[in-house]
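In: please find the sequence and the predicted model below.
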Amino acid sequence: MGNPIAVSKDLSRTAYDHLWMHFTRMSSYENAPVPTIVRGEGTYIYDDKGKRYLDGLAGLFTVQAGHGRAELAEAASKQAQELAYFPVWSYAHPKAIELAERLAHLAPGDLNKVFFTTGGGEAVETAWKLAKQYHKLTGNHGKYKVISRNVAYHGTPQGALSITGLPALRAPFEPLVPGAHKVPNTNVYRAPVHGDDPEAFGRWAADQIEQQILFEGPETVAAVFLEPVQNAGGCFPPPPGYFRRVREICDEYDVLLVSDEVICAFGRLGTMFGCEKFGYVPDIITCAKGMTSGYSPIGAAIVSDRIAEPFFKGSNTFLHGYTFGGHPVSAAVALANLDIFEREGLNQHVLDHESAFHATLSKLHDLPIVGDVRGNGFFYGIELVKDKVTKETFSGEECERLLYGFVSKKLFENGLYCRADDRGDPVVQLAPPLISDQSTFDEIEQILRGVLTEAWTKI
């Protein structure tokens, strides 16, 4: 064993030396301080120097109820003292039972069976494995393939990464799990056809799923994975009628429809589940993030009775699980978080204010660098362009210099934590806590206006 060491006071240096940060270009911090957040309160976070930032991304699309909620911390503490840990492998504990029942009541249709994980990627992994075994149990042994959309992000485990439609994220880890195929997404702003008719474009985009099923052979396709509003690429909402048509296609070819709601569930769009916002009932919902407002890790695949039914017969078993799935402390926090949702009407708050959020962000259309403002609920993307008329985007070198070299850093320096990303086209993404109001929207718009105005001068 090594000698005990004193805790370093230089958190930034220690972070670079020992903390391997996720999705992070570590070399960029070799000679620069690592931003270190030490406290949160409401819609704000504070760094180790005491500087305040508006949390424009709810942590990572997660802190729905806002920072500093004592009752969520107290729920965790109380549960940890009573029963800190027990697995749900052939056993149950009260909080997992209670949360499963509550989620079943909240979920649409007959989605009544809850399989807990510790995060979203695991929930997606679970859904693909479950879909494959479901088809085997019902006599369709050749159904193993999945269809998802270009540029969509579905997680980092090998299966979830295979479903992900971002080549740059996939390439370092190939070969991946075979059988994952991609179709066009619903980015109306860059629609290859029907750009002036969202409904026709939605029909076209949904029909591409049918064409892919037919191309692969319906007897080989197990599931379609779609987010209600696609995250990567910058918040693509579904065109009118899109999900209605997708549901018809899945039913026709005996393909499961998985609604990946790791981001869109728990109020992000103003409904408990994103599928409710767009009027469709999937076969499986994958969710995580906002279930506890990020106060403790948990995820789930919520499964319809129809899909679960063969697993509940005879010796059939879903040979899958996670040590910390349905963790007692996380389940207790989730229940307390859902209490806040009900008591404070967080979903209705989003519905009441989503148009104001959109209108405030839309003021940025007067800037030459802003091409599109899109999204739903409290989940928006602002696409940056080189030419508004032609919609010309930036080159890779320009994205590197503009997004990473200037916009991302400058927004943070000016007190706004959000995401400036070029997964797809260059976008700034915003998803503030669900307690946000007009003052939050105005602060976001003002900081963005200043930074994007300056960015235009650096092109």
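Out: Yes, it's here.
In: now the most centrally placed residue in the chain: closest residue in space, sequence neighbours ignored.
Out: With distances taken as C-alpha atoms, centre = their mean, the residue of the chain nearest its centroid is Ile263 (2.9 Å). Excluding the flanking residues, the one nearest Ile263 by C-beta to C-beta, 6 or more residues apart in numbering is Phe61, at 4.5 Å. Glycine gets a C-beta too; all of them are placed from N, C-alpha and C.
In: wait, that neighbour sits on Cys287?
Out: No: using C-beta atoms under 8 Å, Phe61 is not in contact with Cys287, being 11.6 Å away.
In: would you mind telling me which of those two has more residues around it?
Out: Neighbours were counted for Phe61 and for Cys287 using other C-beta atoms under 10 Å; Cys287 has more, 28 against 24.
In: which SSE is the closest residue to that one other than its chain neighbours in?
Out: Spatial nearest neighbour of Cys287, chain neighbours left out: Ala265 (4.1 Å); criterion: C-beta to C-beta, 6+ apart. Using DSSP states H and E, Ala265 maps to neither a helix nor a strand.
In: next: Ala123.
Out: helix 120-137.
In: ok, then the element right after that helix?
Out: Defined by DSSP H and E, the subsequent element after helix 120-137 is strand 145-149.
In: CA atoms only for that following strand, dumped as CSV, please.
Out: C-alpha atoms of strand 145-149 as CSV (Å, rounded to 0.1, in the frame of the first residue of the first chain):
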residue,chain,number,x,y,z
LYS,A,145,-31.1,-6.0,-35.9
VAL,A,146,-31.9,-2.5,-34.7
ILE,A,147,-32.6,0.7,-36.6
SER,A,148,-31.8,4.2,-35.3
ARG,A,149,-31.1,7.6,-36.8
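In: got the contact list for it?
Out: Counting by C-beta atoms under 8 Å, 6 or more residues apart in numbering, strand 145-149 makes contact with 128, 131, 154, 162-165, 179-186, 209, 212-213, 216, 220-226, 230, 255, all of which sit outside it.
In: please check the residues you listed and keep the buried ones.
Out: With neighbours counted by 16 or more other C-beta atoms under 10 Å, these contain buried members at 128, 131, 154, 162-165, 179-186, 209, 212-213, 221-226, 230, 255.
In: please flag which of the residues you listed sit within helices.
Out: Residues of the buried ones among the contacts of strand 145-149 located in helices (DSSP state H): 128, 131, 162-163, 209, 212-213.
In: returning to what we had before: who's in contact with the residue nearest to the centre of the chain?
Out: 61, 227, 229, 231, 289-290, 379, 431.
In: do the same with Gly42
Out: Taking C-beta under 8 Å, 6+ apart as the test, what Gly42 contacts is 66-68, 433, 435.
In: tell me the pLDDT of it.
Out: Looking at Gly42, its pLDDT reads 98.
In: got it, and Ser8?
Out: In this model, Ser8 is scored at 56, pLDDT.
In: could you do Gly2 as well?
Out: 52.
In: please shift the residue numbers so they start at 43 in all later answers.
Out: Got it, the first residue is 43 from now on, which makes the last one we talked about Gly44.
In: about what we covered before: and the residue nearest to Cys329, how far from Asp347?
Out: Taking C-beta to C-beta, to the nearest Å as the measure, Ala307 falls 19 Å from Asp347.
In: higher neighbour count, those two?
Out: Ranked by neighbour count (other C-beta under 10 Å), Ala307 and Asp347 place Ala307 first, with 31 against 13.
In: right, and the more buried one touches Met333 too?
Out: Yes: taking C-beta under 8 Å as the definition, Ala307 is a contact partner of Met333 at 7.3 Å.
In: contact partners for Ala497?
Out: 411, 426, 444, 448-449, 452.
In: I meant to write Leu490 there.
Out: By C-beta under 8 Å, 6+ apart, the contact set of Leu490 is 403, 406, 424, 453, 458, 470.
In: tell me how many other residues surround Arg111.
Out: Number of residues near Arg111 (other C-beta under 10 Å) recorded here: 21.
In: contacting residues around it?
Out: 335, 337, 382.
In: what's the pLDDT at it?
Out: Reading off the model, Arg111 has pLDDT 98.
In: any figure for the gap between it and Ile477?
Out: For Arg111 relative to Ile477 (C-beta to C-beta), the value is 10 Å.
In: likewise Gly367?
Out: Gly367 is 29 Å from Ile477, by C-beta to C-beta.
In: and for Ala264?
Out: 39 Å.
In: what do you get for Lys91?
Out: Lys91 is 25 Å from Ile477, by C-beta to C-beta.
In: tell me which of these two has more neighbours.
Out: Ile477 (21 against 9).
In: residue contacts, the nearest residue to Thr104 once chain neighbours are set aside?
Out: Of all residues not flanking Thr104 in the chain, Gly336 sits nearest, at 3.8 Å (C-beta to C-beta, 6+ apart). Neighbouring residues of Gly336 by C-beta under 8 Å, 6+ apart: 100-102, 104-106.
In: ok, Gly336 to His400 distance?
Out: Distance from Gly336 to His400, by C-beta to C-beta: 24 Å.
In: excluding its backbone neighbours, what's nearest Asp479?
Out: His395 (6.5 Å).
In: pull out the CA atoms of the helix or strand hosting the one you found and give them to me as CSV.
Out: Taking DSSP H and E as the definition, His395 sits inside helix 388-404. Only the C-alpha atoms of helix 388-404 are listed here, as CSV (Å, rounded to 0.1, in the frame of the first residue of the first chain):
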residue,chain,number,x,y,z
LEU,A,388,-43.0,21.2,-12.7
ASN,A,389,-44.4,19.6,-15.9
GLN,A,390,-47.1,22.3,-16.1
HIS,A,391,-44.5,25.0,-15.4
VAL,A,392,-42.6,23.8,-18.5
LEU,A,393,-45.7,23.8,-20.6
ASP,A,394,-46.6,27.3,-19.3
HIS,A,395,-43.2,28.7,-20.1
GLU,A,396,-41.9,26.8,-23.1
SER,A,397,-43.3,29.3,-25.6
ALA,A,398,-41.5,32.1,-23.7
PHE,A,399,-38.3,30.2,-23.7
HIS,A,400,-38.6,29.7,-27.5
ALA,A,401,-39.5,33.3,-28.1
THR,A,402,-36.6,34.6,-26.1
LEU,A,403,-34.1,32.4,-27.8
SER,A,404,-35.6,33.3,-31.2
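In: where in the stretch 393-501 of the chain is pLDDT low?
Out: Confidence mapping of the stretch 393-501 of the chain against pLDDT under 70 gives the ranges 466.
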